[in-house]
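**Student:** sequence first, then the predicted structure:
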Amino acid sequence: MKIEGVFSLFGNVARGMTSELARLETVSENIANSNQVAGRGEPIYHRKTVDPQSGKDPFASHLRKKKLNLARRSSGHIAGTREKNRFHGTDWPESKVIEHPNEKTVYDPSHPKADQYGFVRMPDINVVSEMMEMIVATRSYEANTSVLTAAKQLAKKTMEI
């Protein structure tokens, strides 16, 4: 059994956690800006989503620091411990945020930013669907933490043998 197989779980969990963290950040930004109003000629906030095939790397560097400090007799003892910003031999993809340029107009003639016809421009963000997206991302993040806990216990038991 290669020792690399046990530790490769940490990289998979790190990628899952970073993906869900980026998703939570964009959902919270969407909810925070859902009631933003723009006047004539002003830029308006557009709903954002994260490309599920990409992710940042905040957890990988943390997990890399926490790897066991084993005496290395050869360079291949634990593969990947000296690599920087790598994930299973390939570069970590950059986070890709997709902006959706949809907006809606709401009739509110009493609003100070209303146009001459009484309409104001707002982002087309459904807060209920954003909350649902937030719950799904949170549950997925929790599942990844459960896998991380199991992987740590597995690695610990492997070292006891």
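**Tutor:** That came in fine, so what should we check first?

**Student:** which residues does Pro123 contact?
**Tutor:** Asn30, Asn33, Ser34, Gln36, Ile44, Tyr45, His46, Arg47, Asn102, Glu103, Lys104 (Cβ atoms under 8 Å, 6 or more residues apart in numbering). Where you see a C-beta, it was placed from the backbone N, CA and C, and this is true even at glycine.

**Student:** show me what it bridges to in the sheet.
**Tutor:** Beta bridges link Pro123 to Glu103, judged by DSSP bridges.

**Student:** still on that earlier bit, out of the contacts of Pro123, which one sits closest to Ser146?
**Tutor:** Each of those was scored against Ser146 by Cβ to Cβ, and Asn30 proved nearest at 27.0 Å.

**Student:** quickly find the element holding the closest one.
**Tutor:** helix 3-32 (DSSP states H and E).

**Student:** now for the chain, the helix or strand with the poorest mean pLDDT.
**Tutor:** strand 86-87 (a mean of 47; mean pLDDT, DSSP states H and E).

**Student:** which residues touch Met134?
**Tutor:** Leu24, Val27, Ser28, Ile31.

**Student:** ok, which pair from those is furthest apart?
**Tutor:** Leu24 and Ile31 (10.6 Å).

**Student:** give the buried residues for the helix ranked longest in the chain.
**Tutor:** Determined from DSSP state H, the single longest helix within the chain is helix 127-160. Across helix 127-160, burial judged by 16 or more other Cβ atoms under 10 Å covers Glu130, Glu133, Met134, Ala137, Tyr141, Asn144, Val147, Leu148, Ala151, Ala155.

**Student:** burial check on the residue nearest to the second one when sequence neighbours are not counted, number of neighbours?
**Tutor:** Spatial nearest neighbour of Glu133, excluding adjacent residues (Cβ to Cβ, 6 or more residues apart in numbering): Val27 at 5.1 Å. Using other Cβ atoms under 10 Å, the number of residues around Val27 comes to 24.
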